[in-house]
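S.K.: Here is a sequence together with a model predicted from it:
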Amino acid sequence: MEEEQQSNETAYRVNGRHLAEAKGEMVRFIGEVVSQSGQSATLRASDGVEVAIYREEGGNYESKYVEVIGTVRPDLTIDELINTKISDTFNMAQYDKVVELSWGPYRHLFYPNREQ
């Protein structure tokens with residue numbers, strides 16, 4: 001039942017700047033792999049902020065960029081639930097613009113149930 005509830009949650013797209021606004025929330029975070037070892041990794045967000053990711057399962061990410069879906073901890077790190085490889089030619093600058101739009105004046109289009 002808990003897995004079913006989690007799958008129905010909105011996962012907010014975040015960069016480093018918006019992690020603080022999403023503490024305790026499910027998020028989608030795309031980053032460039034900076035380092036990885038065992039059950040932890042560091043990813044560089046689309047806005048250049050480096051974020052620690054905690055993974056339940058070890059292993060390495062298999063691409064330069066990865067999308068992590070997980071929960072933001074109070075210390076602004078992310079507990080990974082799942083991850084997806086992203087193309088090595090992913091345009092982080094363009095993606096950052098989308099993230100900023102989703103938290104700005106067009107928030108209601110991305111997250112209609114989230115308070116402003």
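M.R.: Nice, thanks for sending it over.
S.K.: check contacts around G70.
M.R.: Counting by C-beta atoms under 8 Å, 6 or more residues apart in numbering, G70 makes contact with M26, V27, F29, I53, I78, D79, E80, L81, I82. Every C-beta, even on glycine, is put in place using the N, C-alpha and C of the backbone.
S.K.: and the helix or strand hosting it, what's its mean pLDDT?
M.R.: If you go by DSSP states H and E, G70 is part of strand 65-72. Taken as a whole, strand 65-72 has a mean pLDDT of 97.
S.K.: Report the angle between the longest strand along the chain and strand 65-72.
M.R.: Assignment by DSSP state E gives strand 26-37 as the longest strand of the chain. Calculated by axes from the mean of the first three to the mean of the last three C-alpha atoms, to 10 degrees, strand 26-37 forms an angle of 120 degrees with strand 65-72.
S.K.: Could the C-alpha coordinates of strand 26-37 be exported in PDB?
M.R.: Output of strand 26-37 as PDB, limited to C-alpha atoms (Å, rounded to 0.1, in the frame of the first residue of the first chain):
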ATOM      1  CA  MET A  26       9.200  13.500  -3.400                       C
ATOM      2  CA  VAL A  27      11.300  15.100  -6.100                       C
ATOM      3  CA  ARG A  28      12.700  14.500  -9.600                       C
ATOM      4  CA  PHE A  29      16.300  15.600  -9.700                       C
ATOM      5  CA  ILE A  30      18.500  15.400 -12.800                       C
ATOM      6  CA  GLY A  31      22.200  15.800 -12.300                       C
ATOM      7  CA  GLU A  32      25.600  15.200 -13.800                       C
ATOM      8  CA  VAL A  33      27.500  12.400 -12.000                       C
ATOM      9  CA  VAL A  34      30.500  14.000 -10.100                       C
ATOM     10  CA  SER A  35      31.400  11.000  -7.900                       C
ATOM     11  CA  GLN A  36      29.900   7.700  -6.700                       C
ATOM     12  CA  SER A  37      31.000   5.100  -4.300                       C
END
